[in-house]
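Asker: For reference, the sequence and a predicted model appear below.
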Amino acid sequence: MLARLKLILDSQLEYYQSSNLQGVLMQNIDTDYAEYLHNQRFNPYSIAVGHEDGNTVWTITTVTKEAYQQIIEPLKSDSFREFDIHKHQLHVRIIDKKLTAVSREALLQSVSRHEKWNHFSLHYETPTSFKSNGRYVFMPDFRLIYQNLMNKYNYIYFGRKEDNTELLEQMVKATYVTQCDIHSERFPLEGKKIAGCVGSLEVRISGDEKIQQMIRLLLVFGEYSGLGIKCSIGMGKIKIKALD
């Protein structure tokens, strides 16, 4: 199950405050499960702070049934209506909650049978970055994009890393950027500022239909898992939009 819970808040928050909301999340879920999450290489959830219709929206997404039960269900409960951000002495009330969910099987069927788009926009809604050879890489690189999403997908659903070098190269070869409107933006974390990028890419994919299906699956999965590093504290929120 892949799920998205949007919490509409009464306070003005920005994306760089989302790490504080991770603390709120951890305070409201089972302590054993919170400890389990701290030991995972790839977390089965992501969070982000953004704005819609003039309101601040805290979005929590999960990619497994267990994560849904352990994270989404406590936060969508009627008893969770407000919280405090002690660091900023801020009391926040939740105005509304919006939940959407789809099974992994339905997602697979959708990208293979119904949504056969090969022209799309990839929008980085919060700063997005990768770690490669010990350094932060924030300029868009589809080899890093696909590799990151493949690793997350395989670890989360199959518990292992697979050697998909040939598939990765085929996906990269099938992808080309037709328009780019991005800029660098730093994400503050524990006294450091991680280099990331925000903005949009317009992209086309070509080649074998199975390769296109895999690309579509990974990108839509990325809307829930987050893309790149630090997605559980607010980085890497992406949105995919099919174009004509």
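Answerer: Good, I have the coordinates.
Asker: Show me the shaky parts of the chain.
Answerer: Within the chain, the segments meeting pLDDT under 70 span 114.
Asker: domains for it, by residue range?
Answerer: Split into domains by automatic domain parsing, the chain comes to 2-102, 107-242.
Asker: quick one, helices of the chain?
Answerer: 18-27, 31-38, 65-67, 73-76, 104-109, 142-158, 165-173, 209-225 (DSSP state H).
Asker: buried set for the fourth one?
Answerer: Applying a neighbour-count criterion of 16 or more other Cβ atoms under 10 Å, the buried positions in helix 73-76 are E73, L75, K76. Using the backbone N, CA and C atoms, a C-beta is placed for each residue, glycine as well.
Asker: Output the residues you listed in CSV; the columns should cover distance to L217.
Answerer: Shown next, in CSV, are the buried residues of helix 73-76 (distance: Cβ to Cβ, whole Å):
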residue, distance to L217
E73, 26
L75, 27
K76, 26
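Asker: Looking at these, which is nearest P188?
Answerer: P188 lies nearest to L75 out of the buried residues of helix 73-76, by Cβ to Cβ, at 24.2 Å.
Asker: from what I can see the closest one touches L7, true?
Answerer: Yes - counting by Cβ atoms under 8 Å, L75 does reach L7; the two are 7.1 Å apart.
Asker: quick one on the thing from earlier: so which of the helices of the chain comes closest to V57?
Answerer: The stretch from those with the least distance to V57 (Cβ to Cβ) is helix 18-27; that distance is 11.1 Å.
Asker: Give the other helices and strands that the closest one contacts.
Answerer: The helices and strands touching helix 18-27, judged by 3 or more Cβ pairs under 8 Å, 6 or more residues apart in numbering; DSSP states H and E, are strand 45-52, strand 55-62, strand 82-85.
Asker: between that helix and strand 45-52, how many degrees?
Answerer: Calculated by axes from the mean of the first three to the mean of the last three Cα atoms, to 10 degrees, helix 18-27 forms an angle of 130 degrees with strand 45-52.
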